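*Asks:* Mind folding the following:
(one chain, ligands or ions: 1)
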Amino acid sequence: MCGIVAYLGNKAAEPIVINGLKRLEYRGYDSTGIAYFDDQSMHTHKTKGKVSDLEEVLAQHPKHHSTVAMGHTRWATHGVPNNVNAHPQTSNSGNLVIVHNGIIENYASLKKELQHRGFQFQSDTDTEVLVNLIEDVQQQKGIKLGKAVQVALSQVIGAYAIVVFDRRKPNELVAARLGSPLAIGLGEEEFFVASDATPFLEYTKNVIYLEEEHLAIIRRGKKIKVHKIKDDSQITPYIEELQMSLENIQKGGYDHFMLKEIFEQPKAIQDTLRGRLLSNEGVITLSSLREHDNRFLGAKRIIIVACGTSWHAGLVAEYLFEEFIRIPVEVEYASEFRYRDPILYPDDVVIAISQSGETADTIAAINIAKEKGAFVYGICNVVGSTISRITDTGCYTHAGPEIGVASTKAFTTQITVIALIGLYLGKAKGTLSRSAYQAYVTELENIPQKVERILTSQAFIETVAQSFEAAQNCIYLGRGYNFPVALEGALKLKEISYIHAEGYPAAEMKHGPIALIDKEMPVVVIATKKGHYEKVVSNIQEIKSREGRIIAIVSEGDTQVKELADYCLEIPESSEAFAPLLTTIPLQLLSYYIAVQRGCNVDQPRNLAKSVTVE
Ligand code: AGP
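*Replies:* Below you'll find the predicted structure:
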């Protein structure tokens with residue numbers, strides 16, 4: 001996710017901002033830039049790549065002692081990573097510069113209005129639209145920067161954390177936030193603004209965490225003023241004295257990035273739906289499908305290529321697409337597909353799923369599919385990644401950077417995109433009734449808060465995990481949509497706790513695996529009310545009668561399984577199709593706590609890389 005650092009004070013601003021950006025590198029980014037005010041003019045330097053690349057660019061310019069600057073590390077959401085799309089972004093007049101973290105949903109309509117009023121745009125970013133909107137308000141109304149920002153933001157739909165500077169008022173910064181965090185450090189005659197407190201921790205422990213829809217006017221030598229964006233009323237901000245360590249702040253107060261990312265899932269799913277599920281119109285809009293809907297509507301088969309967790313998301317897609325769109329789906333391990341000289345037809349659609357967008361096997365599978373004339377659609381989390389560039393089109397999951405090697409929010413946001421595609425095409429093809437479509441749209445919109453509810457059982461799951469710390473093996477069982485979740489749960493456990501675990505379709509037990517069951521063999525069973533419940537209950541009884549220890553994922557209020565299982569982890573009711581978005585959450589937490597109790601390196605498990613960019 002993007003990183004913001006700004007400084008206004010009595011020290012040299014550039015080194016403070018550059019070092020601050022380095023502190024935010026853990027957030028993941030693809031381009032970076034800085035703007036500073038010196039000898040009555042604005043200087044902006046930007047580059048694709050890392051902060052160290054920006055330092056090389058700065059080294060080619062004259063030294064300066066500017067005491068006001070703003071910097072940014074960009075995680076691309078609109079517009080590929082390059083120098084033009086990097087921040088800071090500048091307004092047409094050159095008077096205003098902005099750095100922004102977030103997504104402006106209505107940027108396209110705002111841009112069109114501004115273009116009608118003569119504004120021109122250099123970049124593909126929503127951020128450049130925002131800085132020119134502020135300029136337009138300032139010019140139209142002849143008001144100060146702080147007021148202009150407040151008026152402009154009242155026209156914006158989406159999420160933002162911004163810092164804005166006007167070169168005509170070099171002793172002032174304006175900061176504002178909605179949906180993305182901003183921390184303001186208060187030093188001796190100096191101010192720091194950043195996405196979190198890590199960039200200025202050594203300068204001050206006094207922090208204002210800007211609240212939602214609040215705007216701060218920061219003036220050299222003056223007390224900070226904080227206003228509500230909605231009505232411009234002034235409020236007295238709460239100043240907190242920081243206790244956390246640097247590392248602790250980078251993990252958002254969580255012990256590991258993986259746990260932080262598990263808890264980021266409600267927001268990650270919300271961000272992935274943002275601008276695509278328009279709930280008040282009950283409409284799903286996906287430009288990548290709209291521009292190629294003939295391909296999908298005419299498709300006779302969908303082939304999905306992926307690896308690991310992304311392959312499990314592909315299996316969920318097989319159930320969902322076949323139910324919603326009624327065309328056959330084949331899910332292939334990319335590593336197998338690439339060497340099998342696969343048979344492809346002109347009306348096949350290939351979908352590649354990848355968090356990193358750099359997995360070698362998946363890239364190779366895409367290239368083979370393209371050589372055979374197939375249309376390839378990508379579902380990636382990293383904007384501008386190789387897979388996002390070599391596929392014909394695609395859709396980004398807006399999960400933000402996933403630092404932990406074990407995929408968590410990548411999996412749930414991939415399924416979110418899959419649900420959006422299934423609903424869009426099911427409605428377009430008429431294979432989903434209007435009432436079913438509407439019901440699913442409403443349910444999908446409520447998924448983030450259901451995930452939030454499951455996360456409140458974190459403490460209980462931590463205690464359950466204690467009973468399985470010494471396990472040597474484990475079996476995961478699920479039926480229908482929950483079969484891929486059983487596979488994913490087993491992968492989570494084995495890759496971070498090093499316990500051997502296998503996932504099976506629950507009915508498969510009697511074809512061999514049941515021979516493994518004894519009191520040493522924990523069995524995790526997904527037994528939600530919707531999804532062959534009675535049959536799963538009889539599988540549980542078979543395991544119980546062989547002294548297997550059972551952890552069951554059940555729907556809230558379940559009583560029948562509670563009589564049989566040793567532990568029950570409850571989740572809110574949902575349709576079968578969206579169950580994977582919920583049933584996977586307790587399994588992520590279970591594997592996390594077992595691994596922690598076994599003293600494993602949860603974020604960087606042995607032998608594993610975050611992205612397998614080699615064969
Ligand atoms: C899952 O937790 C692992 N990190 C791994 O299986 C991963 O899903 C796989 O390597 C595919 O990576 P990708 O999604 O970046 O292509």
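*Asks:* center of this protein - which residue?
*Replies:* What sits nearest the mean C-alpha location of the chain, by Cα atoms, centre = their mean, is A399, with 0.9 Å.
*Asks:* helix, strand or coil for that residue?
*Replies:* In the three-state summary, A399 is assigned as coil, counting by DSSP: H, G, I helix; E, B strand; the rest coil.
*Asks:* Return the residues of the stretch 401-550 of the chain in contact with the ligand.
*Replies:* Within the stretch 401-550 of the chain, the positions adjacent to the ligand are 405-407, 495 by Cβ under 6 Å from any ligand atom. Any C-beta I mention is one placed from the backbone N, CA and C, and that applies to glycine too.
*Asks:* Farthest pair within those residues?
*Replies:* Distance extremes for those: the farthest pair is S407 and E495 at 9.3 Å, using Cβ to Cβ.
*Asks:* okay, these two: which has more neighbours?
*Replies:* Each of S407 and E495 has its neighbours counted (other Cβ atoms under 10 Å); S407 has more, 28 against 21.
*Asks:* ok, and the closest non-adjacent residue to the more buried one?
*Replies:* T309 (4.0 Å; Cβ to Cβ, 6 or more residues apart in numbering).
*Asks:* So that neighbour: helix, strand or coil?
*Replies:* Following three-state DSSP, the label given to T309 is helix.
*Asks:* Roughly how far does it sit from the ligand?
*Replies:* As judged by Cβ to the nearest ligand atom, to the nearest Å, T309 and the ligand stand 3 Å apart.
*Asks:* How about the contacts made by that residue?
*Replies:* 355, 407, 410-411, 488, 491 (Cβ atoms under 8 Å, 6 or more residues apart in numbering).
*Asks:* Now the buried members of those residues.
*Replies:* Neighbour counting with 16 or more other Cβ atoms under 10 Å marks 355, 407, 410-411, 488, 491 as buried within the contacts of T309.
*Asks:* can I get those residues in JSON lines with secondary structure and pLDDT?
*Replies:* Converted to JSON lines, the buried ones among the contacts of T309 look like this (DSSP: H, G, I helix; E, B strand; the rest coil; pLDDT from 0 to 100):
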{"residue": "Q355", "secondary structure": "coil", "pLDDT": "95"}
{"residue": "S407", "secondary structure": "coil", "pLDDT": "97"}
{"residue": "A410", "secondary structure": "helix", "pLDDT": "97"}
{"residue": "F411", "secondary structure": "helix", "pLDDT": "98"}
{"residue": "E488", "secondary structure": "helix", "pLDDT": "98"}
{"residue": "L491", "secondary structure": "helix", "pLDDT": "98"}
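*Asks:* need those in TSV with distance to A577, can you?
*Replies:* TSV is the format used below for these (distance: Cβ to Cβ, whole Å):
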residue	distance to A577
Q355	22
S407	21
A410	20
F411	16
E488	16
L491	22
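*Asks:* Output the lowest mean pLDDT helix or strand found in this structure.
*Replies:* helix 246-250 (a mean of 71; mean pLDDT, DSSP states H and E).
*Asks:* so does whatever helix or strand comes next after it get close to the ligand?
*Replies:* Using DSSP states H and E, the helix or strand that follows helix 246-250 towards the C-terminus is helix 257-263. No: using Cβ under 6 Å from any ligand atom, we find that helix 257-263 stays clear of the ligand, coming within 9.4 Å at best.
*Asks:* hmm, who's touching the helix or strand that helix 257-263 is followed by?
*Replies:* Moving toward the C-terminus from helix 257-263, the next helix or strand (DSSP H and E) is helix 265-273. Applying Cβ under 8 Å, 6+ apart, the contact partners of helix 265-273 are 103, 159, 261, 397-400, 408-409, 412-413, 416-417, 420, 444-445, 447-449, 451-452, 455, 581, 585.
*Asks:* Report pLDDT for the residue of the chain positioned farthest from its centre.
*Replies:* Distance from the centre of the chain peaks at S545, with 42.7 Å (Cα atoms, centre = their mean). Predicted confidence (pLDDT) for S545: 91.
*Asks:* show me the contacts for the residue of the stretch 301-450 of the chain found nearest the ligand.
*Replies:* Going by Cβ to the nearest ligand atom, the ligand is nearest to G308 of the stretch 301-450 of the chain, at 1.9 Å. If you count contacts by Cβ under 8 Å, 6+ apart, G308 has them with 407, 491.
*Asks:* Tell me how far the nearest residue to S611 once chain neighbours are set aside lies from T431.
*Replies:* Of all residues not flanking S611 in the chain, S356 sits nearest, at 3.6 Å (Cβ to Cβ, 6+ apart). Using Cβ to Cβ, to the nearest Å, S356 is found at 33 Å from T431.
*Asks:* between those two, which one's more packed in?
*Replies:* Between S356 and T431, S356 has the larger neighbour count (other Cβ under 10 Å), namely 22 against 16.
*Asks:* Wait, the more buried one touches S407, no?
*Replies:* No: assessed by Cβ atoms under 8 Å, S356 is found out of contact with S407, at 9.5 Å.
*Asks:* who's L173 bridged to?
*Replies:* I218 (DSSP bridges).
*Asks:* From L182, how far out is it?
*Replies:* 11 Å.
*Asks:* between these two, what contacts are shared?
*Replies:* Shared contacts of L173 and L182, defined by Cβ under 8 Å, 6+ apart, are found at 163, 193.
*Asks:* Who are the contact partners of A12?
*Replies:* 65-67.
*Asks:* Return the members of these classed as buried.
*Replies:* By 16+ other Cβ under 10 Å, the contacts of A12 give 66-67 as buried.
*Asks:* so which of the contacts of A12 would you say is closest to the ligand?
*Replies:* Among the contacts of A12, and counting by Cβ to the nearest ligand atom, the member closest to the ligand is S66, at 40.2 Å.
*Asks:* re earlier: narrow the residues of the stretch 401-550 of the chain next to the ligand to those in strands?
*Replies:* Members of those lying in strands (criterion: DSSP state E): none.
*Asks:* Specify which member of these is nearest to E322.
*Replies:* Closest to E322, out of all of those and judged by Cβ to Cβ, is S407, at 23.9 Å.
*Asks:* What segments of the stretch 501-615 of the chain are helices?
*Replies:* 533-544, 580-597 (DSSP state H, counting those that start in this stretch).
*Asks:* Quick one: closest of the ones you listed to P484.
*Replies:* Of all the helices of the stretch 501-615 of the chain, helix 580-597 comes closest under Cβ to Cβ, at 6.6 Å.
*Asks:* The closest one - contacts with which helices or strands?
*Replies:* helix 257-263, helix 409-429, helix 434-455, helix 458-466, helix 482-497, strand 522-527, strand 549-555, strand 567-571 (3 or more Cβ pairs under 8 Å, 6 or more residues apart in numbering; DSSP states H and E).
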